[in-house]
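[1] 3D, please:
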Amino acid sequence: MPHAPGPLDELDRKIIAALTANARSSFAEIGSAIGLSATAVKRRVDRMRETGVITGFTATVRPSALGWRTEAYIEVYCDGAAPPRRIAEVVRRYPEITAAMTVSGGADALLHVRATDVEHFEEVLERIRTESFIRKTISYMVLSHLIPDSPEAGAGSSAVQGYGPDSPADSARPAGNTGTT
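    Numbers count the residues shown, from 1 in each chain. Modelled structure (predicted):
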């Protein structure tokens, strides 16, 4: 169980920024950039992991590499007050739903959906609409990403963040391995 996170100092924030930019960076690389030893960086990362500040390390994959070429957001309107846990139970059954959240405003929830094509998206939408507590949906197809390097866009052109033809990452190091697992 993580302890309550303490205040982050400037060095912690620089470490987080470095790991956010490239989770494959070694402690030595980060330390060199911010003026700490690799051991000191590791201690700080371990502390931030223990307290729940850092929750994990992931690879960011281009959705199109997995065949997901269509993207949409769906506003979900429920009959009555559907509890968030009920909505969560339903959306977990759909691998095409990559994110789901309750929201303020008219809708009860917002779903981020990826599909192979428009026909596949329509099938997913129809399955969602058959859920007994869903009164209506409004869909928004994504035409383009205005911030192409955002996680929602698949983080640019590399299949794995920090690993690609332009990456200086050590190819012998496994993807996502920062020495902190």
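[2] Tell me how far the helix or strand of the chain with the lowest mean pLDDT lies from the chain's centre.
    Using mean pLDDT, DSSP states H and E, the weakest-scoring helix or strand in the chain turns out to be helix 84-91, at a mean of 92. With CA atoms, centre = their mean, to the nearest Å as the basis, helix 84-91 stands 19 Å off its chain's centre.
[3] Sheet partners, orientation included, of the helix or strand just after that helix?
    Note on helix 84-91: by DSSP states H and E, the next helix or strand toward the C-terminus is strand 97-102. When pairing is defined by DSSP bridges, strand 97-102 lines up against strand 109-115 (antiparallel).
[4] List the contacts of the helix or strand just after the strand it pairs with.
    Using DSSP H and E, the helix or strand that follows strand 109-115 towards the C-terminus is helix 118-129. Applying CB atoms under 8 Å, 6 or more residues apart in numbering, the contact partners of helix 118-129 are 70, 72, 74, 76, 90, 94, 96-97, 111, 113, 115, 134, 137, 139, 141. No exception for glycine: its C-beta is placed from N, CA and C like everyone else's.
[5] now do 10 Å
    Applying CB atoms under 10 Å, 6 or more residues apart in numbering, the external contacts of helix 118-129 come out as 67-72, 74, 76, 90-91, 93-97, 111, 113-117, 134-137, 139, 141.
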